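Engineer: test case, fold it:
(one chain, ligands or ions: 2)
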Amino acid sequence: MIRIGHGFDVHRFGGCRPLIIGGVLVPFEKKVVAHSDGDVVIHSIIDALLGASSNRDIGTLFSDTDSRYNNINSRILLRTVWNKISDQGYSIGNIDVTVILQQPTIQKYISQMIYYLSQDLNCVLSAINIKATTTEDLGYIGRSEGIACTAIVLLKK
Ligand SMILES: Nc1ccn([C@@H]2O[C@H](COP(=O)(O)O)[C@@H](O)[C@H]2O)c(=O)n1
Ligand SMILES: C[C@@]1(CO)OP(=O)(O)OP(=O)(O)OC[C@H]1O
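Structural biologist: Residues are numbered from 1 along each chain as shown. Ligands and ions are numbered 1, 2, ... in the order given. Sure, this is the predicted structure:
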């Protein structure tokens with residue numbers, strides 16, 4: 001059996017969290033508003049995994065009013081979710097991620113992100129693809145008011 005899932009996440013700039021994308025600290029003058037560390041790549045992947053396995057969503061599992069998750073490293077949330085889903089008999093087919101961000105350019109950090117995610121999801125590097133796009137200066141991303149991300153996951157059982 002194969003199952004597909006989709007995830008989408010947005011975080012505003014203007015808060016106090018450093019910019020962390022796919023577990024990697026990306027130097028940038030703007031900070032992120034979030035309860036956790038605000039990692040849109042990991043939050044999108046978590047929602048895609050939960051969607052593919054019919055396990056609701058990230059906010060249901062990890063409430064943004066729960067102090068246990070204040071400034072938490074999202075890789076911990078990802079590993080928790082993956083434990084649950086792999087216990088249900090699933091393995092990763094592939095994951096495709098698009099980071100939507102006007103600036104900074106993140107190409108040089110992507111290999112490290114893929115490495116971290118493959119470790120957390122116990123899958124081969126080639127099962128994960130991460131890419132980035134701007135919105136050509138249009139809209140809230142173009143004005144650099146925040147960062148967005150989409151993820152699609154294929155699970156196998
Ligand atoms: N934050 C970003 C945005 C884009 N890139 C890379 O630039 C390429 C061109 O982006 P366009 O939005 O102009 O199509 C894109 O394919 C990425 O390789 C990036 O690294 N970081
Ligand atoms: C991760 C959680 C929990 O700390 O908080 P945030 O960092 O605000 O992230 P978001 O993607 O808005 O929603 C999920 C939350 O419940």
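Engineer: what does this protein put close to ligand 2?
Structural biologist: 9, 34-36, 38, 43, 58-59, 62-64, 69 (C-beta under 6 Å from any ligand atom). C-betas here are computed from N, CA, C, even on glycine.
Engineer: just those: which are in strands?
Structural biologist: Within those, residues falling in strands by DSSP state E are Asp9.
Engineer: burial measure for Ile33, as a count.
Structural biologist: Ile isn't right for residue 33; it's Val. Applying other C-beta atoms under 10 Å, we find 13 residues neighbouring Val33.
Engineer: same question but for Cys16, I mixed them up
Structural biologist: Other residues close to Cys16 by other C-beta under 10 Å number 10.
Engineer: so which residues of this structure form strands?
Structural biologist: 2-17, 20-21, 24-25, 32, 91-100, 128-133, 146-156.
Engineer: re earlier: so which of the residues of the chain next to ligand 2 sit within helices?
Structural biologist: Among the residues of the chain next to ligand 2, the members found in helices (DSSP state H) are 43, 58-59.
Engineer: now the residues you listed as CSV including distance to ligand 1?
Structural biologist: Shown next, in CSV, are these (distance: C-beta to the nearest ligand atom, whole Å):
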residue, distance to ligand 1
His43, 17
Ile58, 23
Gly59, 26
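Engineer: of those, keep whichever come out buried.
Structural biologist: 43, 58 (16 or more other C-beta atoms under 10 Å).
Engineer: just the strands of the chain: most buried one?
Structural biologist: Stretch with highest mean neighbour count among the strands of the chain: strand 20-21 (a mean of 25; mean count of other C-beta atoms under 10 Å).
Engineer: mind listing residues that contact that one?
Structural biologist: 26, 32, 37-41, 74, 99, 101, 106, 109, 113, 147 (C-beta atoms under 8 Å, 6 or more residues apart in numbering).
Engineer: how about 7 Å then?
Structural biologist: Defining contact as C-beta atoms under 7 Å, 6 or more residues apart in numbering, one finds that strand 20-21 is touched by 37-41, 99, 106, 109, 113.
Engineer: that older thread, and the residues of the chain next to ligand 2, which is closest to Thr135?
Structural biologist: Asp9 (15.8 Å; C-beta to C-beta).
Engineer: might you report the residue contacts of the nearest residue to that closest one once chain neighbours are set aside?
Structural biologist: By the measure of C-beta to C-beta, 6 or more residues apart in numbering, the closest residue to Asp9 outside its immediate chain neighbours is His43, 4.0 Å from it. Applying C-beta under 7 Å, 6+ apart to His43 gives the contacts 9, 58, 74.
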